[in-house]
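J.: Structure for this input, please:
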Amino acid sequence: VNCYSDTGTPLHIAAVFGLDDAMKVLLDHHADVCNKAVCIADTPLIVALRAHRRKCVKLLIKAGADLKGLGSADPIIVAITEGLTDCLKCLLNAGADPNVIDDFGRLPIEVAASHNSREDVEILFPVTSRIPSVRDWSIDGIMAYVKSKEKDDPILKMNPANMKIEGNKAYKRKDYITAARLYTMAEGDYPENVTLISNRSVCWLNMGEGDKALRDAQICRALRRDWPKACFREGAAQILLKDYEKACDAFLDGLKLDPGNSEIENAYSSPSIEVLVWKDKIH
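T.: Next comes the predicted model:
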């Protein structure tokens, strides 16, 4: 029940297609609901949320799915961004943390306000820790605070077509958090553009965020199984996380795809995160 393919485990596949009956069978036979057995970026719960498979979401929560995620891939954040208010309620009732932060330091209640979801803000308000910078700590006050911040945000005024270019400029001036944010926003218009996700991965590397760098590298590998750069990204992230065995495995996978790749060969023979970050290039 935990066999792995290019599209994930059977639970991942059931989640993508909303096969709740199949999911019940898998869970009854002790399928890995927490995604501990395989190295894949998204858990079955995150996949079910992104696919809007509400029945599968509820089944996974009931089966004990891990309610913790990483940054913007936290189940609470995903439920809000996908407009799944009913799933947000289920997650909170099951004990999910309403005070997690996304990749860019926002609480779920701020993400909800940014998406104009007053209902989500109302649900989160009683369980959210007060934000010191919000003077009017009320539902209307939070909505107004977020809208005021967005009004003065130059990034939100950019043409999406220019966001990758501006992200590259921010990266070159070592403003990695701005670059990562621009790549994320550009990804909203091009959700399967692996270059944007790959560039964001190296931003996280430069900021010392190994878990986030690994998450994005694994997304790249899932989207493009034949791309050596994705293997290189994963190897670099594993080095930052000090998992050298998995780093070598990722580099070897890259060399199988491109035996003459000097970048990966050098990383495999003398891996050093400082050298990898310094030599790495965005696209």
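J.: Please determine how far the residue positioned nearest the centre of the chain is located from A79.
T.: Centrality entry for the chain: nearest residue to the mean C-alpha point is A73, 4.0 Å, by CA atoms, centre = their mean. If you measure A73 against A79 using CB to CB, to the nearest Å, the figure is 12 Å. C-beta here means a position set from N, CA and C on the backbone, and glycine is covered the same way.
J.: what does K151 give?
T.: According to CB to CB, K151 and A79 sit 26 Å apart.
J.: The two: which is more packed in?
T.: Neighbours per residue (other CB atoms under 10 Å) separate K151 from A79, with A79 holding more: 28 against 9.
J.: for the stretch 151-283 of the chain, what are the low-confidence residue spans?
T.: Within the stretch 151-283 of the chain, the stretches with pLDDT under 70 are 189-192, 270-283.
J.: Do a quick rundown of the helices in it.
T.: Applying DSSP state H, counting those that start in this stretch to the stretch 151-283 of the chain gives helices spanning 160-172, 176-189, 194-206, 210-223, 228-240, 244-257, 262-269, 273-279.
J.: Contact partners for V47?
T.: Taking CB atoms under 8 Å, 6 or more residues apart in numbering as the contact definition, V47 lies against G8, H12, A15, V16.
J.: would you say it is within a helix?
T.: Yes: assigned with DSSP: H, G, I helix; E, B strand; the rest coil, V47 falls within a helix.
J.: Could you count how many residues lie near the nearest residue to it once chain neighbours are set aside?
T.: Leaving out its chain neighbours, the residue that sits closest to V47 by CB to CB, 6 or more residues apart in numbering is A15, at 4.2 Å. For A15, the neighbour count with other CB under 10 Å is 29.
J.: from the contacts of V47, which has minimum pLDDT?
T.: Among the contacts of V47, G8 has the lowest pLDDT, at 84.
J.: So what pairs up with that one in the strands?
T.: Beta-bridge pairing for G8 (DSSP bridges): S5.
J.: what's the neighbour count on it?
T.: 21.
J.: Report the mean per-residue pLDDT for the helix or strand harbouring A22.
T.: Here A22, judged by DSSP states H and E, is contained in helix 20-28. What helix 20-28 shows for mean pLDDT is 97.
J.: Distance from the chain centre to it, please.
T.: Taking CA atoms, centre = their mean, to the nearest Å, one finds helix 20-28 lying 26 Å from the centre of the chain it belongs to.
J.: Who are the packing partners of it?
T.: Packing partners of helix 20-28 (3 or more CB pairs under 8 Å, 6 or more residues apart in numbering; DSSP states H and E): helix 10-17, helix 54-62.
J.: Give me the buried positions along it.
T.: Of the residues in helix 20-28, D20, A22, M23, L26, L27 count as buried by neighbour count, 16 or more other CB atoms under 10 Å.
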